[in-house]
Each structure stands twice: as C-alpha cells, then as structure tokens.
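Novice: just coords:
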C-alpha cells in the first residue's frame with residue numbers, strides 16, 4: 001500500500017488527537033469544576049444518626065441510617081461511606097449525617113456533599129490533559145523527524 005499526497009502525515013494525525021484531547025480536557029474540567037462548586041454550595045446541617053446496618057464493599061461501606069427529619073419524625077437513608085484516611089475526615093461512619101434542610105432526603109456522610117461525580121470527572125480531565133501533553137510532544141518529535149530527508 002502506497003501513501004498518496006492526500007494521506008495525512010503521522011504528525012498531522014497526532015496533532016488532531018492532541019486537539020481532541022485538549023478539547024475534551026477543557027470540557028471535563030469545566031463540568032467537574034461546576035459540579036464540585038454546586039455540591040459545595042448546598043447548605044447542610046449536621047444531625048445525629050443511628051446506624052441500622054452496614055455492608056463493607058472494599059473502598060467503603062454501605063450504611064443504612066436513621067436520622068431525625070425537620071418535624072422530628074425519623075427518616076431513613078442508605079449512604080456510601082468511602083474509607084478515606086485524611087486529616088479531619090472520619091474513617092468510618094461517625095454517628096452523624098449532613099442534611100440539606102430544604103430537601104431532608106438529601107443526606108450525606110460528609111459536609112461537602114455529593115462530590116464523587118465531580119471528583120471522578122476532574123480525575124478524567126487530568127488523564128486527558130496527560131494525553132494532550134503526550135500526543136503534543138509526540139507530534140513535535142514526529143514532525144521534527146519528518147524534516148529529515150528519507
């Protein structure tokens with residue numbers, strides 16, 4: 001199979017992949033940042049909760065909890081408590097939950113709220129950023145190699 005004049009060079013293909021990765025990085029970083037900000041904007045109050053049952057699943061534990069609603073009646077929810085070792089973060093369920101007072105069913109084990117989707121999106125943005133840098137560097141190297149006569 002012979003290359004024709006209309007075939008793109010390997011460097012051009014790498015530049016195209018680099019551009020797509022850069023665009024994807026920008027979109028993912030924007031989405032992740034917005035989702036993280038939205039999760040942190042929700043005002044939550046800490047209330048006592050009683051663990052009814054728990055199931056360990058590797059990176060965390062599913063915990064069924066009972067906590068007081070705004071009218072004092074008990075509400076129930078199932079939470080996923082990530083096993084995180086960080087300063088100021090309880091390693092397991094600590095007997096409290098954080099509740100959005102405007103939506104009492106919106107309950108989380110930590111104050112910052114539901115940030116998993118945002119965090120995973122930002123991690124994916126970092127991976128695509130690495131792809132952008134890698135393909136950009138590869139395109140430069142290939143383009144430099146193409147300048148030498150065959």
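Specialist: In hand now; what should we look at? Bear in mind the structure is a predicted one, so any value in this text is a computation, not a measurement. Numbers count the residues shown, from 1 in each chain.
Novice: Tell me where this protein has helices.
Specialist: Assigned by DSSP state H, the chain shows helices spanning 10-41, 116-146.
Novice: Select, out of these, the one closest to residue 96.
Specialist: helix 10-41 (18.3 Å; C-beta to C-beta). Where C-beta positions appear, they are placed from N, C-alpha and C, glycine not excepted.
Novice: Enumerate the positions of that closest one that are buried.
Specialist: Neighbour-count burial for helix 10-41 flags 11, 14-15, 17-18, 21-22, 24-25, 28-29, 31-32, 35-36, 39 (criterion: 16 or more other C-beta atoms under 10 Å).
Novice: Now the helices of the chain in a markdown table, please, with extra columns for distance to residue 51.
Specialist: Shown next, in a markdown table, are the helices of the chain (distance: least, C-beta to C-beta, whole Å):
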| stretch | distance to residue 51 |
| --- | --- |
| helix 10-41 | 24 |
| helix 116-146 | 21 |
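Novice: Quick one, which of those gets closest to residue 66.
Specialist: So among the helices of the chain, helix 116-146 is nearest, using C-beta to C-beta, at 23.1 Å.
Novice: so where's this protein uncertain?
Specialist: For the chain, the stretches with pLDDT under 70 are 1-5, 88-91, 150.
Novice: 80 instead?
Specialist: 1-6, 82-92, 112-114, 149-150 (pLDDT under 80).
Novice: The closest residue to residue 125 other than its chain neighbours: what's it in contact with?
Specialist: Leaving aside its sequence neighbours, residue 125 sits nearest to residue 28 (C-beta to C-beta, 6 or more residues apart in numbering; 3.7 Å). For residue 28, the contacting residues are 121-122, 124-125, 128, by C-beta atoms under 8 Å, 6 or more residues apart in numbering.
Novice: and with 7 Å instead?
Specialist: Residues counted as contacts of residue 28 (C-beta atoms under 7 Å, 6 or more residues apart in numbering) are 121, 124-125, 128.
Novice: Using TSV, lay out the residues you listed together with neighbour count and distance to residue 105.
Specialist: Output for the contacts of residue 28, formatted as TSV (neighbours: other C-beta atoms under 10 Å; distance: C-beta to C-beta, whole Å):
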residue	neighbour count	distance to residue 105
121	20	24
124	16	29
125	20	30
128	19	35
